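A.B. asks: Mind folding the following:
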Amino acid sequence: MFADAASTLRSCLSREAWMSEATGKARPQPTAPDELVAQLEQQGIAPGSYRFQPLDLMRKAIARRMTESFRDVPHFALLGKIEADALLAARMRLNAQGRGRISLNDLLIKAAGLALARFPAANASYTERGLIFHRHADIAVAVAMEGGLVTPILRQAEVKDVWQISTEMKDLAARGRAKRLLPPEYTGGTFSISNLGMYGVASFGSILNPPQGCILSIGQAEKQYRFRGDDPYVATVLEVTLTCDHRAVDGAIGAQWLDAFRQLVESPQAWLD
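C.D. replies: I've put the predicted structure just below:
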């Protein structure tokens, strides 16, 4: 039903764009309500100096859920730096096999799933009746799309190999951008990952996506000077932020999970070979 509705909407938009081009008439732009125009004028924003876009259902849902999460969920953030050279080298070896293209994100999803299997206390959700500890790492991966974002779920990431993860993520992301995901494919995750490194973002924090107890934010891999004892060396470093729902995940649990994730990323041969 949702796929049919999205397809119908896209075809309507395509027909409207074609008619506009064929007739040489631009589509009418939505106008702001009079009360909003007056409110903006009071704030010093003159009519005609902006473009108004009404809220669609997706933007309304994002606004509502993010406001509720930031307001109602007591959260804290843990920051870490992880050396990624071994993982990047492993990715090059995998891609040289000619079986397809593995992304860095595919490998990080797998590492996150394994870390959740090692520390299931971080794979938790809070309810007023009690804590829910999930048996599998069902990882919601943030995917940018026109007008917002969608978080398709990579189910049981801890037991799938990186080729399975890569294939599924390509399919989920493509159908997510096309608004063709079914509700079971974007609801029910236990943990989230948001990666903005490809946009040059060094580090950032994310808002939790309840009922998930944690979200991992991943920045750009950058060369940095490091020290081993007193000896300097250069490494490719990822800066990551783990945001936790303090009602479900305590600081020590979050720190243990982050350390396990770091070890998996820095020593991938143990789980890739």
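A.B. asks: what's across from A124 in the sheet?
C.D. replies: Beta-bridge partners for A124, by DSSP bridges, are F133.
A.B. asks: Just confirm it contacts V249, I think it does.
C.D. replies: Yes. The pair A124 / V249 is scored as a contact, 5.9 Å apart, by C-beta atoms under 8 Å. The C-beta positions use only the backbone N, C-alpha and C, and glycine is treated the same way.
A.B. asks: Those two: which is more packed in?
C.D. replies: V249 (26 against 23; other C-beta atoms under 10 Å).
A.B. asks: Skipping its backbone neighbours, what lies nearest that one in space?
C.D. replies: Nearest non-adjacent residue to V249, counting by C-beta to C-beta, 6 or more residues apart in numbering: G213, 4.8 Å away.
A.B. asks: Now for that neighbour: which residues touch it?
C.D. replies: Each residue near G213 by C-beta atoms under 8 Å, 6 or more residues apart in numbering is listed here: A122, N123, A124, S125, Y126, T190, F191, C244, D245, A248, V249.
A.B. asks: between these, which is nearest I139?
C.D. replies: Closest to I139 out of those is F191 (5.2 Å), distances taken as C-beta to C-beta.
A.B. asks: So that closest one sits against P211, correct?
C.D. replies: No. Counting by C-beta under 8 Å, F191 stays clear of P211, with 11.0 Å between them.
A.B. asks: These two: which is more packed in?
C.D. replies: Neighbour tally, F191 and P211, criterion other C-beta under 10 Å: the higher count belongs to F191, 30 against 16.
A.B. asks: Quick check: beta-bridge partners of that one?
C.D. replies: Here F191, judged by DSSP bridges, has bridge partners I139.
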